[in-house]
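Colleague: return a 3D structure for these sequence lines:
(one chain, ligands or ions: 1)
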Amino acid sequence: MNEARVQEFVYQVVNDAAASMSGVMTNIGHKLGLYKAMAGAGAITPKQLAQKTNTKERYVQEWLNNQAAGGYVIYHPTTRAYELPDEHAMVLANSESPVFMSPAFDLISSMWLDEDKTIDAFQTGKGIGWHEHHPRLFCSCEAFFRNGYKTYLTNSWIPALSGVEAKLKAGAKVADLGCGHGASTIIMAQAFPNSTFFGFDYHFDSIATARLRAEAAGVADRVHFEVATAKDYPGNNYDLVCFMDCLHDMGDPVGAAKYTKQVLSKDGTILLVEPYAGKKLEDNLNPIGRMYYASSTAICTPNSLSQEVGLGLGNQAGEERLAQVMSEAGFSHCRRATATPFNLILEVRI
Ligand SMILES: C[S@@+](CC[C@H](N)C(=O)[O-])C[C@H]1O[C@@H](n2cnc3c(N)ncnc32)[C@H](O)[C@@H]1O
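Modeller: Take a look at the predicted model:
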């Protein structure tokens with residue numbers, strides 16, 4: 001037994017415990033608008049922050065101390081004021097920023113709220129359907145992914161597919177499978193007004209919300225949301241079929257891809273967006289892989305195991321395994337179109 005290593009590991013776990021508890025604080029700061037009120041305000045006292053946010057000073061004081069201990073805000077001892085640096089405001093306060101991370105914590109809270117179900121799944125081997133999760137998951141997932149889609153989907157990922165952008169500009173037919181609240185569908189519809197978009201998801205409540213989102217965004221004329229699975233969605237001759245962070249969630253991804261092959265136009269394209277993963281497990285042993293393996297254990301793999309076939313790909317399947325799925329479904333072409341630190345973007349064609 002190496003005592004120094006024990007101590008070192010205790011600190012590592014303390015650090016994780018502090019981060020987990022502070023995640024609750026981050027969520028509270030986000031929901032109460034504390035970060036938003038601090039953004040661009042310079043150094044601010046607890047009293048001023050409480051006044052700005054209609055909250056109580058004593059609670060705000062304690063919260064700020066937690067934030068300072070974590071390095072989220074800077075403490076100025078001489079004035080006893082606290083400051084949210086502009087760079088941190090991009091991540092915590094600016095809901096339009098491509099690096100806005102605050103919704104991640106509400107997603108994590110849904111994992112805690114569903115912990116009993118996950119424990120039961122470990123013991124029984126049963127799955128947990130997306131619809132069985134705490135509703136916090138649905139909105140936080142939408143909010144967590146939306147800004148990445150806003151930044152990259154129409155500006156980088158679609159242009160990286162051969163010939164697809166021109167088709168969408170001219171007027172194409174697009175299906176967005178496992179669309180959830182339809183963030184990606186609506187962003188595409190806003191960018192390509194001549195095209196028609198169909199968003200499908202098996203989860204009734206998500207589709208109901210997606211319809212409201214399309215109306216609010218003023219694109220309901222060209223976006224249609226319907227409850228359907230990836231193996232029975234209506235329509236054919238699609239120019240583009242998108243699987244946005246959902247193929248690995250499906251019980252039968254090969255079946256979904258096979259079905260898509262039948263309804264895709266002859267020169268159509270699949271846009272497959274999946275969480276970033278390296279080739280080997282060893283490549284994923286880092287904070288991003290750690291985060292993804294956790295959500296895969298509690299959310300993605302159980303969803304897959306709740307459906308027929310129950311392949312359980314996991315969200316760290318990686319490029320080679322995803323290409324294998326596509327090849328088994330009869331697609332001969334699968335290439336990496338582009339990537340970000342969080343996403344792999346694959347182009348799949350017949
Ligand atoms: C991680 S969420 C992604 C949602 C959305 N694409 C996004 O990026 O915000 C996965 C989605 O896949 C849907 N889903 C899972 N299995 C499905 C299936 N077999 N057919 C259709 N949708 C499915 C879930 O209901 C959920 O909305």
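Colleague: which residue is nearest the centroid of this structure?
Modeller: What sits nearest the mean C-alpha location of the chain, by C-alpha atoms, centre = their mean, is residue 145, with 3.8 Å.
Colleague: check contacts around that residue.
Modeller: Shown in contact with residue 145 (C-beta atoms under 8 Å, 6 or more residues apart in numbering): 183, 184, 244, 245. For glycine as for every other residue, the C-beta is placed from the backbone atoms N, C-alpha and C.
Colleague: show me the contacts for the last one.
Modeller: Translated: residue 245. 145, 178, 273, 274, 275, 315, 343 are the contacts of residue 245 under C-beta under 8 Å, 6+ apart.
Colleague: just checking, which of those belong to strands?
Modeller: 273, 274, 275, 343 (DSSP state E).
Colleague: report the beta-bridge partners for the second one.
Modeller: Think residue 274. residue 344 (DSSP bridges).
Colleague: about what we covered before: out of the contacts of residue 145, who's near the ligand?
Modeller: With C-beta under 6 Å from any ligand atom as the criterion, those include 183, 184, 244, 245 near the ligand.
Colleague: pull the most distant pair out of those residues.
Modeller: Maximum pairwise distance among these (C-beta to C-beta): 10.4 Å, between 183 and 245.
Colleague: quick revisit: residue 101 versus the residue nearest to the centre of the chain, what's the distance?
Modeller: Shown here: residue 145 relative to residue 101, a distance of 12 Å by C-beta to C-beta, to the nearest Å.
Colleague: ditto for residue 28
Modeller: Distance, residue 28 to residue 101, using C-beta to C-beta: 15 Å.
Colleague: can you pull the buried residues of stretch 200-208?
Modeller: 200, 201, 202, 203, 206, 207 (16 or more other C-beta atoms under 10 Å).
Colleague: got JSON lines for these, with secondary structure too?
Modeller: Below are the buried residues of stretch 200-208 laid out as JSON lines (DSSP: H, G, I helix; E, B strand; the rest coil):
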{"residue": "200", "secondary structure": "strand"}
{"residue": "201", "secondary structure": "strand"}
{"residue": "202", "secondary structure": "coil"}
{"residue": "203", "secondary structure": "coil"}
{"residue": "206", "secondary structure": "helix"}
{"residue": "207", "secondary structure": "helix"}
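Colleague: could you export these as a markdown table, including distance to the ligand and pLDDT?
Modeller: Below are these laid out as a markdown table (distance: C-beta to the nearest ligand atom, whole Å; pLDDT from 0 to 100):
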| residue | distance to the ligand | pLDDT |
| --- | --- | --- |
| 200 | 6 | 99 |
| 201 | 5 | 98 |
| 202 | 4 | 98 |
| 203 | 4 | 98 |
| 206 | 5 | 98 |
| 207 | 9 | 98 |
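Colleague: sounds good, over and out.
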